[in-house]
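Colleague: Let me see the structure of the following:
(one chain, ligands or ions: 1)
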Amino acid sequence: MEESLPRASGEARRRPDRTLRVKMVLLGSSGVGKSSLALRFSKDRFQNPSPTVGCAYLTRVMHLGGATLRLEIWDTAGQEKYHSVTPLYYRGAHAALVVYDICKKETFVRAQLWIRELQRQYVPGSTVLFLVGNKGDLDQDRQVSAQEGQNLAEDKGVSFTETSALSGHQVNELLGAVGRSETNKQTNKQ
Ligand code: GDP
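Modeller: Model (predicted):
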């Protein structure tokens, strides 16, 4: 799927034919909606995902300002159930999304551990981390407030958003932020 996203203010001008590869990995407890988000990012639709084993990989091409980005969206696809997400999964990632379910406090607690683990071990300095509270459409069952999410993100120095893979809420905004984090990095290198 191709989509034009709004140009960020102050974004550098670049050649229109330039394609940037962006590796984005999804992490978080089982059942928080990683596969659903990956599908929403790639195909802009929601469906009950079938159980997957190993590692799923989806793509999306988007245009951001003058740049073309090829997003490679990696989903653990169940590896986390066995506490064995291999470092190979993170290697070369430009962005890592640590996802929790706003209706399950324990997934939020686990998200803190994922962030700590990523910051300590796996993520090279150039990987941008995003904390993502998913299932925002289930506000009535919420166990984690948006403020708690925001506080954790500020404490860890990462970006924060709440999404709904079901409704698509904040999904394009999140993709835009991932894309901009990469185009800005490239601009700063020049
Ligand atoms: P994963 O194990 O983290 O990959 O989670 P899945 O993508 O398999 O989703 C687990 C369950 O949560 C499935 O039944 C999904 O349909 C459901 N789900 C995922 N995202 C959302 C969402 O944004 N809202 C709601 N209401 N359900 C969701």
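Colleague: Looking from the ligand, tell me which residue of this protein is nearest.
Modeller: Using Cβ to the nearest ligand atom, the closest approach of the chain to the ligand is made by residue 33 at 3.0 Å. (C-beta placed from N, C-alpha, C; glycine too.)
Colleague: That residue against residue 171, yeah?
Modeller: No - the pair residue 33 / residue 171 is not scored as a contact, 11.1 Å apart, by Cβ atoms under 8 Å.
Colleague: Name the residue in the two with the higher neighbour count.
Modeller: Neighbours per residue, other Cβ atoms under 10 Å: of residue 33 and residue 171, the larger number sits with residue 33, 24 against 20.
Colleague: Not counting its neighbours along the chain, what's nearest that one?
Modeller: Of all residues not flanking residue 33 in the chain, residue 134 sits nearest, at 4.2 Å (Cβ to Cβ, 6 or more residues apart in numbering).
Colleague: do residue 31 as well
Modeller: residue 101 (6.7 Å).
Colleague: so the one you found touches residue 30, yeah?
Modeller: No - contact criterion Cβ under 8 Å: residue 101 and residue 30 do not qualify, at 10.0 Å.
Colleague: Do a quick rundown of the strands in this structure.
Modeller: Ranges of strands in the chain, per DSSP state E, are 2-5, 19-28, 56-64, 67-75, 95-101, 128-134, 159-162.
Colleague: For the residue of the chain closest to the ligand, list the residues it contacts.
Modeller: Neighbouring residues of residue 33 by Cβ atoms under 8 Å, 6 or more residues apart in numbering: 99, 101, 134, 135, 165.
Colleague: out of the residues you listed, which is most surrounded?
Modeller: Of the contacts of residue 33, with other Cβ under 10 Å as the count, residue 134 tops at 29 neighbours.
Colleague: Contacts only, for that residue.
Modeller: 32, 33, 36, 37, 99, 100, 101, 102, 162, 163, 164, 165.
Colleague: And the closest residue to the last one other than its chain neighbours, how far from residue 90?
Modeller: On the basis of Cβ to Cβ, 6+ apart, the spatially nearest residue to residue 165 that is not a chain neighbour turns out to be residue 36, at 3.7 Å. Distance, residue 36 to residue 90, by Cβ to Cβ, to the nearest Å: 21 Å.
Colleague: other SSEs contacting the top helix by length along the chain?
Modeller: Counting residues, the longest helix in the chain under DSSP state H turns out to be helix 171-189. With contacts defined as 3 or more Cβ pairs under 8 Å, 6 or more residues apart in numbering; DSSP states H and E, helix 171-189 has these neighbours: strand 2-5, strand 19-28, helix 34-43, strand 56-64, strand 67-75, strand 95-101, strand 128-134, strand 159-162.
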